[in-house]
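> Just to be clear, the model below is a prediction. Sequence and coordinates:
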Amino acid sequence: MDYIYINKTLKTSIYKQIAASITDAIDVGNLKYNDKLPTEKEICQTFSVSQTVVRMAYDQLISEGKIKRIKGKGTYVTNRKNYHTFLHAFYDMDVEEGSNVFYHKELILLDDISEDYSAYRALKLDKGEKCHLFVCVIKSNQNPVVLQRIYLPEKYFPKFKEKFDKDEKLFTLIEDTYHYQIKHLHSTFSPINASSAEALLLRIHPNDAIYFVRMKIVDADDQIVGYVYNYFPGEFTEFEVIVHAI
Amino acid sequence: MPFNFLDLITIDRRSTVSYDQQIKESIKALILDQTFYYKNILPEPNELANHLNIDSKFALLAYKQLVLERYIKKNKNDDYNVSYFELTNYFFDRNVAIYDAIIALGLNPSIKCVEKKVVHLDKKTIKTMGFDMKEGLDYFYINRLYLGDLQPIMILENYLPLTVFPNIEKKFEGNEPLNAYINSQYGIQASISKRTTKAVNLTDKLAKLLNERKNAASIQSTNRVYDKLDRLIDFGRSHTISSYYFQALITKDEMKSYFPNSFQNLDD
């Protein structure tokens, strides 16, 4: 609770000081998404202030969308930004030009596999054929934006380990390093409930809604050269579409 | 039961994954890629166990798990059939009425009115929805369930300003397609629809109406419809059943921001 600072000699009301302290702590990163805040009673006892004052501070922060109360559990930081993009640019994390949003990729698994029922069917691979799998989480300000499982068959991506650079963008790897011309991305958007593993990696709760986007990468010869499972945390992801009348 | 259904369910005896898990995953994948389709009858667990030469307890365990996850359902005559009702909508990013999209899915469409009334909204809500304050505070609210072959597919709430649609609460029955109605009765045509979509957990109330499990994941779409005068005429929010999905084909031309260099050369 050392991020809360109250100066009773100031004219600024105490509830505003509490709200400002918590806001500062969120802004500088001392408080992160899903961190639990002290109870109203704990703040009252520590600073000898009334519970009404603490409640007013929390109510203000709730109305600003910075924190949320979960009945029976407590009050949590919920300052996580939404990933809002046009539907047809959902895959491109660098699209927000001029904004101060930065994305970085964390590779969590690199593997060679020889079977995966669903992915192999999509990629038209036979069991036993080698396929490269890499799993990564793309984050913005420490908050996961998307979890990706990327499948690239060995037959299309030979000498993968020599050429793979985790910081290179996927489509740049496909087009510039391996010289496939991407024709289109065929994507399927469906809602699913998060498994405990997905929830852990996306910093959400198990069973929370996820936007599950399966994406086939099709090249100029109509080959499916890659397949990507994208898992977007539902609460923090919005896709926009503008439809014009005919 | 076509013979090849049995052959499609496979296990790997060398795998460290248990047989029941392998069967479950195998059937789940076949359902998800629509090899096993809605209402298809699965092989009897004993028949499958015999075919795979394993103890029938593994097949039963797998089926039990699939029932729990609502992929399959046990019928009164002890058959197991696919209950997963997966519907794709190719029209999400096109201007097609939900009613027509259901027809295009090969289903018989119907609309059930859950609630319709005039509501008095506060200024904050009106502002959040995006309506002009000059439209006043009274809105026609309608909540309707869209069904295909009598199964719920989507529920859609709409708010329409009474200043734009006077007496609509008296004239509109509730089970007719809305866009066609406002066009024919009020001569107002939708020009642009701005849609924002996200995945959410269904509330208890919505889950019940959609015949879904509690907390099931759903696609929520918030739609703002504007007329030719760029006036917001309809604010809508829909929720789908969990097995509803939509597809999008993104062409290379739409990926300009990703490949600025290659497109720059072409433009030159």
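Yep, that arrived.
> all contacts plus neighbour counts: C-alpha atoms, from now on.
OK.
> Show me the residue at the heart of chain A, geometrically.
The geometric centre of chain A, computed from its C-alpha atoms, lies nearest to residue A:145 (CA atoms, centre = their mean), at 1.8 Å.
> Check the secondary structure at it for me.
Applying DSSP: H, G, I helix; E, B strand; the rest coil to residue A:145 yields a three-state assignment of strand.
> same deal with the one 10 residues further on?
Using three-state DSSP, the structure places residue A:155 in coil.
> Neighbours of it, how many?
Using other CA atoms under 10 Å in any protein chain shown, residue A:155 has 13 neighbouring residues.
> Would you map out the domains in chain B?
Domains of chain B are assigned by automatic domain parsing as B:3-82, B:87-246.
> okay, how far is it across stretch B:163-179, tip to tip?
Distance between the boundary residues of stretch B:163-179 (CA to CA, to the nearest Å) amounts to 17 Å.
> in it, what counts as buried?
B:164-165, B:168-169, B:174 (16 or more other CA atoms under 10 Å in any protein chain shown).
> Also stretch A:24-34?
Neighbour counts over stretch A:24-34 (16+ other CA under 10 Å) mark A:25-26, A:31-34 as buried.
> got a list of contacts for that stretch?
Residues from elsewhere that reach stretch A:24-34 (CA atoms under 8 Å, 6 or more residues apart in numbering or on different chains): A:3, A:22, A:76-80, A:143.
> again, only using 6 Å
The contact list for stretch A:24-34, computed with CA atoms under 6 Å, 6 or more residues apart in numbering or on different chains, reads A:76-79.
> just these that are near chain B?
The subset of those within reach of chain B, by CA under 6 Å from any CA of the partner chain, is empty.
> Report the contact partners of the residue nearest to the centre of chain A.
With contacts defined as CA under 6 Å, 6+ apart, residue A:145 is in contact with A:138-139.
> now do 10 Å
By CA atoms under 10 Å, 6 or more residues apart in numbering or on different chains, the contact set of residue A:145 is A:80-83, A:93, A:103-105, A:137-139, A:202-203, A:230-233, A:236-237.
> Just the pLDDT at it, thanks.
Note for residue A:145: predicted pLDDT of 93.
> what's the answer for residue B:258, then?
69.
> What of residue B:17?
Residue B:17 carries a pLDDT value of 88.
> cool, and the one 4 residues further on?
With respect to pLDDT, residue B:21 has a value of 93.
> Any idea what the closest residue to residue A:90 other than its chain neighbours is bridged to?
With CA to CA, 6 or more residues apart in numbering or on different chains as the criterion, residue A:90 has its nearest non-adjacent residue at 7.2 Å, and that residue is residue A:239. Using DSSP bridges, the beta-bridge partners of residue A:239 come out as residue A:85, residue B:197.
> and what of the one 4 residues further on?
In this structure, residue A:243 has the following beta-bridge partners (DSSP bridges): residue B:193.
> so it touches residue B:195, yeah?
Yes - Residue A:243 is within contact range of residue B:195, at 7.8 Å (criterion: CA atoms under 10 Å).
> More neighbours: which of these two?
residue B:195 (23 against 17).
> Which residue ranges make up the domains of chain A?
In the recorded assignment (automatic domain parsing), chain A comprises A:14-77, A:83-240.
> and the ones you listed, which is most packed in?
By mean neighbour count, with neighbours taken as mean count of other CA atoms under 10 Å in any protein chain shown, domain A:83-240 ranks first of those at a mean of 18.
> Figure out how far that one is from the centre of its chain.
Centroid separation between domain A:83-240 and its chain, computed with CA atoms, centre = their mean, to the nearest Å, is 13 Å.
> Residue A:199 sits in which helix or strand?
Element membership for residue A:199, per DSSP states H and E: helix A:196-202.
> Can you tell me, leaving aside adjacent residues, what's nearest to residue 130?
Reading this off chain A. Leaving out its chain neighbours, the residue that sits closest to residue A:130 by CA to CA, 6+ apart is residue A:114, at 4.8 Å.
> look at chain B instead
Nearest-residue entry for residue B:130: residue B:232, 7.2 Å, with adjacent residues in sequence omitted and distances by CA to CA, 6+ apart.
> tally of neighbours for that neighbour?
22.
> Bridged to it, which residues?
residue B:226.
> any idea of the pLDDT on it?
Turning to residue B:232, the model gives it a pLDDT of 95.
> Quick check: residue A:108 touching residue A:150?
No - if you go by CA under 10 Å, residue A:108 and residue A:150 don't touch, sitting 11.7 Å apart.
> between these two, what contacts are shared?
A:134-136.
> when you check chain B, which of those turn up near it?
Of the residues in the shared contacts of residue A:108 and residue A:150, proximity to chain B by CA under 10 Å from any CA of the partner chain holds for none.
> Let me know the closest of those residues to chain B.
For these, the closest approach to chain B (CA to the nearest CA) belongs to residue A:136, at 19.1 Å.
> Just confirm the closest one contacts residue A:151, I think it does.
No - Residue A:136 lies out of contact with residue A:151 (CA under 10 Å); the separation is 11.7 Å.
> so what's residue 223 up against?
Going with chain A. Here residue A:223 is in contact with A:123-124, A:156, A:180, A:182-183, A:216-217 (CA under 10 Å, 6+ apart).
> wrong one, I was asking about chain B
Applying CA under 10 Å, 6+ apart, we find residue B:223 in contact with A:240-242, B:129, B:158, B:193-197, B:234-238.
> If we use 7 Å, what do you get?
Shown in contact with residue B:223 (CA atoms under 7 Å, 6 or more residues apart in numbering or on different chains): B:193-196, B:235-237.
> could you flag which of those residues are buried?
B:193-196, B:235-237.
> Show me what from chain A comes close to chain B.
In this structure, chain A approaches chain B at residues A:88, A:92, A:95, A:117-118, A:182-193, A:208-211, A:234-235, A:237-245, judged by CA under 7 Å from any CA of the partner chain.
> Now intersect the buried residues of stretch B:163-179 with the helices, please.
Mapping the buried residues of stretch B:163-179 onto helices (DSSP state H) picks out B:168-169.
> pLDDT below threshold where in the stretch 1-150 of chain B?
For the stretch 1-150 of chain B, the stretches with pLDDT under 70 are B:1-3, B:85-96.
> And the helices in it, which stretches?
B:3-8, B:19-32, B:45-52, B:56-68, B:98-104, B:123-129 (DSSP state H, counting those that start in this stretch).
> Any chance of TSV for those, columns mean neighbour count and distance to residue B:212?
What follows is the helices of the stretch 1-150 of chain B, written out as TSV (neighbours: other CA atoms under 10 Å in any protein chain shown; distance: least, CA to CA, whole Å):
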stretch	mean neighbour count	distance to residue B:212
helix B:3-8	12	28
helix B:19-32	20	18
helix B:45-52	17	26
helix B:56-68	19	13
helix B:98-104	17	19
helix B:123-129	13	28
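> and the helix or strand where residue A:44 lies, what other elements does it pack with?
Using DSSP H and E, residue A:44 sits within helix A:40-47. If you count contacts as 3 or more CA pairs under 7 Å, 6 or more residues apart in numbering or on different chains; DSSP states H and E, helix A:40-47 packs onto helix A:51-63.
> Tell me the first helix or strand C-terminal of the helix it packs on.
Scanning forward in sequence from helix A:51-63 by DSSP H and E, the next helix or strand is strand A:67-70.
> what about the helices in chain A?
Along chain A, counting by DSSP H, helices occupy A:14-28, A:40-47, A:51-63, A:117-123, A:160-163, A:170-172, A:196-202.
> Show me the one of the domains of chain A that comes nearest residue B:219.
Set against residue B:219 and scored by CA to CA, those come closest in domain A:83-240, at 5.9 Å.
> Ends of the closest one, what's the gap?
Criterion CA to CA; first-to-last residue distance in domain A:83-240 is 11 Å.
> Quick check: phi and psi at residue B:158.
In terms of degrees, to the nearest 10, the main-chain angles of residue B:158 are phi -130, psi 150.
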